[in-house]
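S.K.: the following comprises the amino acid sequence and a computationally predicted model.
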Amino acid sequence: MSLSSPDATFKKIVANARNPQRLRLAALEAMSRPQIHFLMRLERDRDTPVKLKFAAAQRRAAEMLVRKATNAQMETARQQSDIANDC
């Protein structure tokens, strides 16, 4: 039997509509790297409380900034290696 990761457990807590809102918010904040698709699904769901939707939107924006920064660093490193290979 395999153990699930903490993020998978938090995801189950957030996705369960029967859990109290405070618990769902705490689980969302505790997730280290939530999936963008999961956050978008939370935002679009009509049954999701407004506070949880807002928290999901903030986390999605933060994750998108991290991804853009990582992609920019990768692109810079790729360009520098191309320049070094040309010389």
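M.R.: Received, thanks. Since we're looking at a predicted model, the values are computed, not measured. Numbering: from 1, shown residues only.
S.K.: correct me if wrong: residue 19 contacts residue 11.
M.R.: No - Residue 19 is beyond contact range of residue 11, at 11.9 Å (criterion: Cβ atoms under 8 Å). Every C-beta, even on glycine, is put in place using the N, C-alpha and C of the backbone.
S.K.: shared neighbours of the two, anything?
M.R.: residue 27 (Cβ atoms under 8 Å, 6 or more residues apart in numbering).
S.K.: how far off centre is stretch 15-30?
M.R.: Its chain's C-alpha centre lies 15 Å from the corresponding centre of stretch 15-30 when counted by Cα atoms, centre = their mean, to the nearest Å.
S.K.: now do the longest helix along the chain: which elements does it pack against?
M.R.: Determined from DSSP state H, the single longest helix within the chain is helix 50-86. Using 3 or more Cβ pairs under 8 Å, 6 or more residues apart in numbering; DSSP states H and E, the elements in contact with helix 50-86 are helix 21-30, helix 36-44.
S.K.: and the first one, what's its mean pLDDT?
M.R.: Yep, that's helix 21-30 we're talking about. For helix 21-30, the mean pLDDT works out to 96.
S.K.: same question for the shortest one.
M.R.: This predicted structure assigns helix 36-44 an average pLDDT of 96.
S.K.: who touches that helix?
M.R.: Outside of helix 36-44, the residues within contact range by Cβ under 8 Å, 6+ apart are 11, 14-15, 28, 48, 52-53, 56-57, 59-60, 63-64.
S.K.: what's the closest of the residues you listed to residue 34?
M.R.: The closest of the contacts of helix 36-44 to residue 34 turns out to be residue 59 (Cβ to Cβ; 5.8 Å).
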